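Need the 3D shape of this:
(2 chains)
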Amino acid sequence: MTIDMSQFYQVFFDEADELLAEMEKLLLALDVSAPDSEDLNAIFRAAHSIKGGAATFAFNDITEVTHMLESLLDRIRKGEMALTPDHVDAFLVSKDVLTMQMDGHHHGSSVDQEAVGNVCLRLKALSLGSAADTPVPAAAAPESVKPEAAPVADADGNCSFRIELPEVPQRDVDALAAELGLLGTISQESLADKRVVFTLTTPESQDSIVAICSFVLDPDDLKITHGGAQTGAAEAEPSAEDPGYGLFEPVKADAASQPVAAMAAPTKAEKPAAEAKNLGRRATDKEGGSQESSSIRVGIEKVDQLINLVGELVITQAMIEQRISVLDPIQYERLLNSVGQLTRNTRDLQEAVMSIRMMPMDYVFSRFPRMVRDLAGKLGKKVEFVTRGAATELDKGLIERIVDPLTHLVRNSVDHGIEMPEKRRASGKNETGKLTLSAAHQGGNIVIEVSDDGGGLNRDRILDKAKQQGLPVSDTMPDGDVWQLIFAPGFSTAEVVTDVSGRGVGMDVVKRNITAMGGTVEIRSVPGAGTTIAISLPLTLAILDGMSIKVGEEVYILPLGYVIESLQPASEDVKDIAGQGQVVKIRGDYLPLIPLYRIFAIEPKFTDPSQGIVVILEADGKKAALLVDALVGQQQVVVKNLESNFRKVAGISGATILGDGGVSLILDVSALLRSSRQLNADPVFF
Amino acid sequence: MSKTILAVDDSGSLRQMLAFSLKAAGYGVIEAVDGQDGLNKAKQHQVDLVLTDQNMPGMDGLSLIKALRALKNYQSVPILMLTTESGDDIKAMGRAAGANGWLVKPFDPARLTEVVKKLIG
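Below is the predicted model of the structure:
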């Protein structure tokens, strides 16, 4: 029977990824001086499981590394070897190498063989290093050899080895036979698939055989099993050409009805009873087979298709709602009730489907402990890394895009935020800096914060630098505005350009990436006490709560998250600023007025704010009043990308299909507010 | 009437391969993710053969075998141990626990069905 093993690869890769991540997490949390035996076991099991899978699917390079890892871990967990920080480092490096190898097999990416070699050497050195003070000399098994039973020598000190060659040319076989023949007596046989198997009886060790064979072929392809070690007791029926399995008792042809267990004697009466039960249970057995796992893996494109379909359903449902709104509620009471039900169900369905795409922030957070550890080690700093709210969920699309900006911020905090231990001690702080990464829901947003208790931002230095770069600054700027300067392109205040960060690129990219996701970045910093960078992101990009507004004949959608209130101002509250448009006085504050009709050049019903409606919007901490003709309503809209279907339009972030089938554009509120700032460059009103 | 096999392994890919190979050979397969799960499933469904991994979190293979042998209707059901080690000690322990045989991982699907056929036809 031939089975295409590649069909199981995906599961293996997914599983191995999880196991590696788990292993790393455990390793990082491990207390080297007093490791928890359960943790050690779990780490061992992870290596063990990966090895098992890799061997089964013939990823020999992965098997090789995991085998060494496993052997070392096994000795450590059994207490034969003490755990040292060196071990943990080597294990972490092995994890990286394994990830790389896995990617190589999975995505065809390149594998740095030198790194693989180095980690093998390192693991080997570790296992050899303490071999002297442990009673287990055989633990440092050469990687190319399967962990077989220790050879048992015969009276003359000879051992018998079974050497299975890969497919090689006949002349190589002859050459090997001649070479190995020098070690002892050799016999040769051919397998069904034309491969050759040697049986060698020799006083030499397995290592010598591998050494000789490696002149001719890759030792990895070699399968050496110990042929003479059979103690006879365990295997009554070892398969003649194949020691891969064995049965403890000889099994007859009709074994099915009479399997004999070594320990438990079967009672004859029981078997028919069991058989009868089998008949009755067959149906449930089948069901049992299909409900094994509590989770399933589904391709992301299937989920996206589902979300898209639900989006269409939401639109259709909105259409129906709009159509029936003209009906007489008494005459059509039951129809209206049913539609009300449909609305609720659609909303539930939509929420349920959206939740499929939601992933816990842990997906991102889990990569940082390692990074912080490595970075801190490199820089000679002491950093305690804490995550909070790792279970907070975020849309998969966003979670993947937040990784890079977050990585940058965490790096910055370790590199520039947290001071060197001496400096911290001098300023009366704990030598170990604290870096906190947290996520929490706030309304319709998720707020992710990178917070350190380092030196904080240096206001004077940022201002100096900004002046050097010719940015418009004043010494009386509020802190919040000063901090935002570090997001300017090419801005870096770090005195030393380190390997890690501080080249002056990055913060602007961070800001741009987050803005592109519909999010905002805020900085809070106190000199000497630390810096917090807060990223606020919408939970999902696919569907938003919108407010429809009307200007002339056009209907636009305003994302509800930006809307604070809407009102009709009294005419005396609207003031003209010479050359800079108008401002509206709202509860003592003057807000710039953005006449939407002028931005999109459409004919409005009202040009006088006291006749139309102003909607107060807030984005990036700035407020403005948007002048529109009327409010139409509030509804959930499915965001359709305008760029991929048409092109990017300034002031528009996307489009949606309305209940009546018409297309409506979604306003890009941040961009509108920015453009108003350019119109009215006077900061007094902000 | 096809026979049913309980396959216990904490590795999903291995489990999937076991299930696939055995189903291809005409057996019904119930999967379990660890010893405890295996024991529960064995209690729920009377199976004709148990295949169990040795190294698993929680209840390991040997404990599972012992627990199964303590059950009245599993005293004579063949149990095969899957193990990455082929040392005599693990075989002896398996034998003492009540396993009927062992199969070294990694194995080839053909070898798996071969040994299963020997046990339950």
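
Name all residues that make contact with residue 8.
Reading this off chain A. A:57, B:13, B:16-17, B:20 (Cβ atoms under 8 Å, 6 or more residues apart in numbering or on different chains). For the C-beta atoms, the positions are set from N, CA and C on the backbone; glycine is no exception.

sorry, should have said chain B
B:Val8 touches B:31-35, B:37-38, B:50-53, B:56, B:61, B:64, counting by Cβ under 8 Å, 6+ apart.

Show me what it bridges to in the sheet.
Note on B:Val8: beta-bridge partners B:Ala32, B:Thr52, judged by DSSP bridges.

That one and chain A, how far apart?
11 Å (Cβ to the nearest Cβ, to the nearest Å).

From A:Thr392, how far out is the residue nearest in space to the middle of chain A?
For chain A, A:Tyr363 is the residue whose C-alpha lies nearest the centre (Cα atoms, centre = their mean; 4.1 Å). Plainly put, A:Tyr363 is 11 Å away from A:Thr392 if you go by Cβ to Cβ, to the nearest Å.

next one: A:Ser571
Taking Cβ to Cβ, one finds A:Ser571 at 47 Å from A:Thr392.

Which one of these two is surrounded by more residues?
For the pair A:Ser571 and A:Thr392, the greater number of neighbours falls to A:Thr392 (19 against 10), based on other Cβ atoms under 10 Å in any protein chain shown.

I figured the more buried one hits A:Asn445, correct?
No. Counting by Cβ atoms under 8 Å, A:Thr392 stays clear of A:Asn445, with 11.1 Å between them.

Backbone torsions only: list them for the residue nearest to the centre of chain A.
Dihedral pair for A:Tyr363: phi -50, psi -40, per degrees, to the nearest 10.

what's it in contact with, if anything?
Per Cβ under 8 Å, 6+ apart, neighbours of A:Tyr363: A:Ile399.

cool, and the one 3 residues further on?
For A:Ser366, the contacting residues are A:21, A:25, A:390, by Cβ under 8 Å, 6+ apart.

which secondary structure element contains residue 14?
No chain specified, so I'll use chain A. helix A:9-29 (DSSP states H and E).

you looked at the wrong chain, it should be chain B
Per DSSP H and E: helix B:12-24 holds B:Leu14.

what does that helix rub up against?
Residues from elsewhere that reach helix B:12-24, judged by Cβ under 8 Å, 6+ apart: A:1, A:3, A:5, A:7-9, A:11-12, A:14-15, A:52-53, A:56-57, A:289, A:293, B:5, B:7, B:9, B:29, B:31, B:33, B:51, B:53, B:105, B:109, B:112-113, B:116.

how far does stretch B:65-78 sit from the chain's center?
Mean C-alpha position of stretch B:65-78 versus that of the full chain (Cα atoms, centre = their mean, to the nearest Å) differs by 12 Å.

likewise stretch A:345-359?
21 Å.

Using PDB, list the CA coordinates for it.
C-alpha atoms of stretch A:345-359 as PDB (Å, rounded to 0.1, in the frame of the first residue of the first chain):
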ATOM      1  CA  ASN A 345     -30.500  36.700  13.300                       C
ATOM      2  CA  THR A 346     -28.500  38.400  10.700                       C
ATOM      3  CA  ARG A 347     -26.700  40.400  13.200                       C
ATOM      4  CA  ASP A 348     -26.000  37.400  15.400                       C
ATOM      5  CA  LEU A 349     -24.700  35.500  12.400                       C
ATOM      6  CA  GLN A 350     -22.500  38.400  11.400                       C
ATOM      7  CA  GLU A 351     -21.000  38.600  14.800                       C
ATOM      8  CA  ALA A 352     -20.500  34.900  15.000                       C
ATOM      9  CA  VAL A 353     -18.800  34.800  11.600                       C
ATOM     10  CA  MET A 354     -16.600  37.800  12.400                       C
ATOM     11  CA  SER A 355     -15.500  36.100  15.500                       C
ATOM     12  CA  ILE A 356     -14.000  33.300  13.400                       C
ATOM     13  CA  ARG A 357     -11.400  35.700  12.200                       C
ATOM     14  CA  MET A 358     -10.600  36.900  15.600                       C
ATOM     15  CA  MET A 359      -7.400  35.700  17.100                       C
END
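
Just say helix, strand or coil for A:Leu336.
Classification of A:Leu336 using DSSP: H, G, I helix; E, B strand; the rest coil returns helix.

Isn't it up against A:Leu327?
Yes. Proximity of A:Leu336 to A:Leu327 meets the contact threshold set by Cβ under 8 Å, at 7.0 Å.

When the two are compared, which one has more neighbours?
A:Leu336 (17 against 13).

who's in contact with that one?
A:324, A:327, A:329.

State the distance from it to chain B.
The gap separating A:Leu336 from chain B is 49 Å, by Cβ to the nearest Cβ.

Distance of that residue relative to A:Thr346?
15 Å.

So which other helices or strands are in contact with the helix or strand containing A:Ala655?
In the assignment (DSSP H and E), A:Ala655 maps to strand A:652-657. When contacts are defined as 3 or more Cβ pairs under 8 Å, 6 or more residues apart in numbering or on different chains; DSSP states H and E, strand A:652-657 packs onto strand A:630-638, helix A:642-645, strand A:663-667.

Let me see the domain layout of chain A.
Following automatic domain parsing, chain A resolves into domains at A:5-139, A:159-226, A:300-359, A:361-538, A:543-685.
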